[in-house]
Structures are given as C-alpha cells and as structure tokens.
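S.K.: here is a sequence together with a model predicted from it:
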Amino acid sequence: MEWKQLQQEQEEIHTQLRKSARLNEQGLLIDKQIDHTQQEIDKHSMTLNQIRSKLDKLDGFSFMNMIRTWTGQQDELRAEKIDKAAILELKIKEAKQMQTDLTEDRVQVTNKLALIDDMALQGALQQIKAKKKGYLQIHNPAQAEKLEHLAQEKMLTKQLMAEIQEAEEAGEVALTKLGQAAASLHSASGYSTWDTFFGGGLIATHLKHDALDQSENYLHSAQIALQRFHNELLDVHEMSTKSLQVETDGFVKFADYFFDDIFSAWSVHSKISTAREQVSRVQDDVHNTIWRLQDKHNKANNYLQTIEQEQGAIFNA
C-alpha cells in the first residue's frame, strides 16, 4: 500500500512538472507565432500600399496610360491589381485577428505558469524518490530496478495518453469550427461573383455585408482552432516512451496549412465553390488525424495495462 501511495504522489508531481514544461514550450511557440503574424501584417501592408500607389498612377494622365486605354490594357491592369488588393486586405485582417487570439492564449499560458512552483515540486519529488528507494531496499531489493523502470514507463504512458486526449479534444473543436465555416460557405454558394470596394474592404456584389462578414468570421474561427490543434499535436509529437514510440510527422505537417491559399480563391472573379473545396479537404485531414490519434490512444492504453500487469506479478511474487 505504501508503494502505491508513493507512486501515486510521484505521478501527480510529474504531471505538474510536465504541465509546467509544456506550458513553457507552448509559450515560446505562441511567441514565435505572434512574431510570424506581425511579419505577415507588415509584408502584406507594404505590398498593399504599393498596389494603391500603382492604382493612383493609373488614374493619372500619361501617354502610356492613354495607349493602354486605347488597347484595353488599363482596365485589365486595374482589375488585376484590385484582385490582389482584395486578397491582401483579407490576409491582413485575418493576421490581425490571429494575432489577437494568440496574444490571449499567451496570457492564459502565463497565468497558468504562475500557479506552478517548480522548485517546490522538485523538492517534493526528491523526497518521494528517497522513500521509494528505501522501501524497495527493504521489501523487494531484487526487483527494485525493474519496478522503478516500470514506474517510469507508467508515468510517461499516462502523460502521453493525457496529451493525446487533449489533442483529440482540440481536433474535435477544429472539426466543429470547420463545419460551421463549410455551412456558411454553402449558404452563399448561389452567389458566383464577388466584387471589391477598394479602401473599404471586400464586399460582395450579390451578397449582403453581414453574410460575408459571417463567412469570414467562421473561417477565422476555424483557422485559430486549427492553430491550437496544431500546437496540441506538437505536444504529442514530443511525448514518447522507450517501448511506445508515437510518430506524428505525417499528421502534424497538415496543420502547417492555415487557409493561406483560401484567400486566393476568395477574390473578385473567383467562385465560392473553390473555398468550399479547400475547407472540405482540411476537414478530411482533421478527421484522419483524429482517427490516428485514437489509434495511438488505444495502443498506449494497452501498453499501460501490460505495465500494470507486470507490476502486479512482481508484487504478488
């Protein structure tokens, strides 16, 4: 009974220490993502300003502009630049929304870290290890090394299962948000042509402003949900045991795709069906990833049962 109690206390401390390490890792990752969004904002804003300047020049008189007008090139150039401007407006808006959400996530991480005292936990952990060592030397010296190895594997496996569970939950949230985005796009599927009001943001020729805003909001919600899912998958990727390896490279990479290309479809002359197809592809990716996580979860649970059986056999002997 004493061993099990010590083991349980050690697992609880390890869980808190792992949580602290994970939060620190997440904080650094979110910091990088915030910096990246700022770089995107700066890059797209600079390009947008260049396009605005070129459009202003198109409005001015010049012999070249006059020649282009005679040949019809000026209208084509204007349409092309307005197309690009509309896409950039959306990308800048999305990057700013993403930055706001990530900043809120960073604050939450910082607040959670403030509640964990790593030094106190490390001190308590050393005391428990000393007690466990003394217990094994008295009761089961021959199996001490084996029992300690099994105890470590058990803790790591439990932590791995917890990480997988959190990733699964984040994936389900992402699926829900993607479903909402898909439904919103479907409701607008009857409108084939979109237009732009340069300087005032993207608006639809045949779609009300609020309907378009709703679609953009749903897409953003899906994007930040995918970002959080991606971060949880990275936690799973970092966790493994000697006997249970979790290879996640194949299904972590998909999360690098955060709707950047969808804005290329969401432009003046494109059809909304292209955006719907892209959302559908990401839904399939998330579904497949969750299925693989569930498979890993089941394997980890089976491995945990094997460990507990080995521990029981040693104590019963």
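M.R.: Here it is on my side, so go on. Keep in mind the model is a prediction, meaning the values are calculated, not measured.
S.K.: from Gly27, how far off is Ile41?
M.R.: Ile41 is 21 Å from Gly27, where distance means Cβ to Cβ, to the nearest Å. Where C-beta positions appear, they are placed from N, C-alpha and C, glycine not excepted.
S.K.: oh, I was asking about Asp235
M.R.: Separation of Asp235 from Gly27 (Cβ to Cβ): 13 Å.
S.K.: more crowded one of the two?
M.R.: Neighbour count, other Cβ atoms under 10 Å: between Asp235 and Gly27, Asp235 has more, with 22 against 17.
S.K.: Ala95 touches Ser45, doesn't it?
M.R.: No. Judged on Cβ atoms under 8 Å, Ala95 makes no contact with Ser45 at a distance of 9.4 Å.
S.K.: who has more neighbours, these two?
M.R.: Neighbour tally, Ala95 and Ser45, criterion other Cβ under 10 Å: the higher count belongs to Ala95, 20 against 14.
S.K.: the nearest residue to Leu6 once chain neighbours are set aside: what's it in contact with?
M.R.: Residue nearest to Leu6 in three dimensions, not counting chain neighbours: Lys132, with 5.1 Å by Cβ to Cβ, 6 or more residues apart in numbering. Taking Cβ atoms under 8 Å, 6 or more residues apart in numbering as the contact definition, Lys132 lies against Trp3, Leu6, Gln7, Gln10, Glu148, Ala151.
S.K.: out of those residues, flag the one nearest to Gln180.
M.R.: Distances from Gln180 to the contacts of Lys132, taken as Cβ to Cβ, are shortest for Gln10 (43.1 Å).
S.K.: remind me what the strand or helix carrying the closest one packs against, helices and strands.
M.R.: Assessed by DSSP states H and E, Gln10 sits inside helix 2-59. Packing partners of helix 2-59 (3 or more Cβ pairs under 8 Å, 6 or more residues apart in numbering; DSSP states H and E): helix 73-114, helix 118-139, helix 144-187, helix 209-238.
S.K.: now with 6 Å?
M.R.: Here helix 2-59 touches helix 73-114, helix 118-139, helix 144-187, going by 3 or more Cβ pairs under 6 Å, 6 or more residues apart in numbering; DSSP states H and E.
S.K.: point out where the stretch 1-150 of the chain drops to low pLDDT.
M.R.: For the stretch 1-150 of the chain, the stretches with pLDDT under 70 are 1, 58-77, 79, 140.
S.K.: let's see that with 80 instead.
M.R.: Within the stretch 1-150 of the chain, the ranges that satisfy pLDDT under 80 run 1-4, 54-87, 90, 135-145.
S.K.: run a quick neighbour tally on the residue nearest to Ile128 when sequence neighbours are not counted.
M.R.: What sits nearest to Ile128 in space, not counting adjacent residues and going by Cβ to Cβ, 6+ apart, is Gln10, at 4.9 Å. Gln10 has 19 neighbours, counted by other Cβ under 10 Å.
S.K.: ditto for the one 4 residues further on
M.R.: The tally of other residues near His14 (other Cβ under 10 Å) stands at 18.
S.K.: distance check, the spatially most central residue of the chain against Ser215.
M.R.: Most central in the chain under Cα atoms, centre = their mean is Gln227, positioned 2.2 Å from the mean C-alpha point. Note on Gln227: its distance to Ser215, by Cβ to Cβ, is 19 Å.
S.K.: can I assume the residue nearest to Ile128 is in contact with Ala130?
M.R.: No. With contact defined as Cβ atoms under 6 Å, Gln10 does not count as touching Ala130 (11.3 Å).
S.K.: so His297 touches Ile164, yeah?
M.R.: Yes. Using Cβ under 6 Å, His297 makes contact with Ile164 at a distance of 4.7 Å.
S.K.: more neighbours: these two, which one.
M.R.: Ile164 (26 against 18).
S.K.: gap between the more buried one and Ala120?
M.R.: Between Ile164 and Ala120 the computed distance is 28 Å (Cβ to Cβ).
S.K.: what does Thr176 give?
M.R.: Look at Thr176 and Ala120: by Cβ to Cβ, they are 39 Å apart.
S.K.: distance-wise, check the residue nearest to Leu6 relative to Glu9.
M.R.: 10 Å.
S.K.: can you pull the contacts of Leu125?
M.R.: If you count contacts by Cβ atoms under 6 Å, 6 or more residues apart in numbering, Leu125 has them with Ile13.
S.K.: tell me which residues of stretch 93-113 come out buried.
M.R.: Lys93, Glu94, Ala95, Gln97, Met98, Gln99, Asp101, Leu102, Asp105, Arg106, Val109 (16 or more other Cβ atoms under 10 Å).
S.K.: many thanks, have a good one.
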